[in-house]
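quick one: sequence plus predicted model below, questions after.
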Amino acid sequence: MSILDKIAKPSDRPVIVTLLGDAGMGKTSLAATFPKPVFIRAEDGMQAIPADSRPDALPVLSSVDDLWEQLTALIKEDHGYQSVVVDSVTALERMFAQHIIDSDPKKPKSLNQANGGYGAGFQAVATLHQRVRKAAGLLVEKGIHVVFIAHADTEVVELPDQDPYTRYGLRLHRKSTAPYLDDSDVVGFIKLRTFTTGDGERKKAISDGARLLVTYATAANVSKNRFGITEDLELTPGQNPLAAHIPSLSN
């Protein structure tokens, strides 16, 4: 049998989504609209969701070992959950950093000094994030969507062909971002719909309170999608705006 006999059109599969935004923008609420979710909590941010609609969650993580135990159970054991939400990878970064510091027999005072210094501590944290992303791939193979929640921060982008500029990115060390940006099907930035009023230099930004999900490439923030979405998606409480664009979410 030739390998060419195995050629076929790939079928729709569960998605890996990264949601980022400032505090209070509704990241957790949006993640809760994914199909039958269960939350892995590196931080306890579910109080904003009304109790009668609050999704299931595993105990708040107290160690890195707790994280591996919860991920392993969700991958290997039978359960009815269709989405796994990690809230948040920003909090995981802090947990990973402390784990690397505590595991170093030389007892360094900071991650800069861990594992001999010269960036080795940051690389060790990035390796743990890669392990989380590998677990996400195994969940997808099992038929489960994965949502990563991240806090946003501003970063300076320096490109060889234009002047530096500032955009919103993940509040992670640059070595830790790839698993949640390069390897995600959707990277969505949540922002307020904002209008500018006034003339000249006395302009003022105001908002009507509506929240928008940006999933296409823009200079203002990191975002992308693999489903041809080219416009802002307005967020409605209790509804997932991605379901209209991603086949595996609408089934």
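It's in.

which strands and helices sit next to the longest helix along the chain?
The residue-count maximum for a helix in the chain (DSSP state H) belongs to helix 120-141. Here helix 120-141 touches strand 16-21, helix 64-76, strand 83-87, helix 89-103, strand 145-157, helix 178-181, going by 3 or more Cβ pairs under 8 Å, 6 or more residues apart in numbering; DSSP states H and E. For glycine as for every other residue, the C-beta is placed from the backbone atoms N, C-alpha and C.

can you lay out the ones you listed as TSV showing mean pLDDT and mean neighbour count?
Formatted as TSV, the helices and strands packed on helix 120-141 follow (pLDDT from 0 to 100; neighbours: other Cβ atoms under 10 Å):
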stretch	mean pLDDT	mean neighbour count
strand 16-21	98	26
helix 64-76	98	16
strand 83-87	98	26
helix 89-103	96	19
strand 145-157	96	20
helix 178-181	96	20
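
to Thr127, which of these lies closest?
Among the helices and strands packed on helix 120-141, helix 89-103 comes nearest to Thr127, with 9.0 Å by Cβ to Cβ.

could you give the angle of that closest one to helix 64-76?
130 degrees (axes from the mean of the first three to the mean of the last three Cα atoms, to 10 degrees).

among the helices and strands packed on helix 120-141, which comes closest to Glu234?
Between the helices and strands packed on helix 120-141, strand 16-21 lies closest to Glu234; by Cβ to Cβ that is 14.4 Å.

Provide the strand pairings for the closest one, with the direction of each partner.
With DSSP bridges as the test, strand 16-21 is paired with strand 145-157 (parallel), strand 186-197 (parallel).

turn the ones you listed into TSV, including distance to Ala124.
Formatted as TSV, those follow (distance: least, Cβ to Cβ, whole Å):
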stretch	distance to Ala124
strand 145-157	20
strand 186-197	24
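
out of those strands, which comes closest to Tyr216?
strand 186-197 (9.7 Å).

among the strands paired with strand 16-21, which is nearest Met25?
strand 186-197 (4.3 Å).

and the next element down the chain from the worst-scoring helix or strand of the chain on mean pLDDT?
Ranked by mean pLDDT, DSSP states H and E, the weakest helix or strand in the chain is strand 204-214, scoring a mean of 78. Later in the chain than strand 204-214, the nearest helix or strand by DSSP states H and E is strand 224-225.

now stretch 52-65: how far from the chain's centre is it?
16 Å (Cα atoms, centre = their mean, to the nearest Å).

and the end-to-end length of it?
31 Å (Cα to Cα, to the nearest Å).

quick one: buried residues of it?
Pro55, Ala57, Leu58, Val60, Leu61, Val64 (16 or more other Cβ atoms under 10 Å).

quick revisit: need the contact partners of the longest helix of the chain.
13-16, 64, 67, 71-72, 74-75, 84, 86, 89, 92-93, 96-97, 99-101, 104, 108, 111-115, 146, 148, 172-173, 175-176, 178-180, 183 (Cβ atoms under 8 Å, 6 or more residues apart in numbering).

kindly recompute the last result at 6 Å.
With Cβ atoms under 6 Å, 6 or more residues apart in numbering as the test, helix 120-141 has contacts from 14, 16, 71, 75, 84, 96-97, 100, 111, 114-115, 146, 173, 175-176, 179, 183.

what does stretch 151-160 give?
Contacts for stretch 151-160 (Cβ under 6 Å, 6+ apart): Leu20, Gly21, Asp22, Thr90, Pro164, Tyr165, Thr166, Arg167, Tyr168, Gly169, Arg171.

which ones are touching the last one?
Contact analysis of Arg171 by Cβ under 6 Å, 6+ apart lists Thr90, His151, Asp153.

cheers, nothing more for now.
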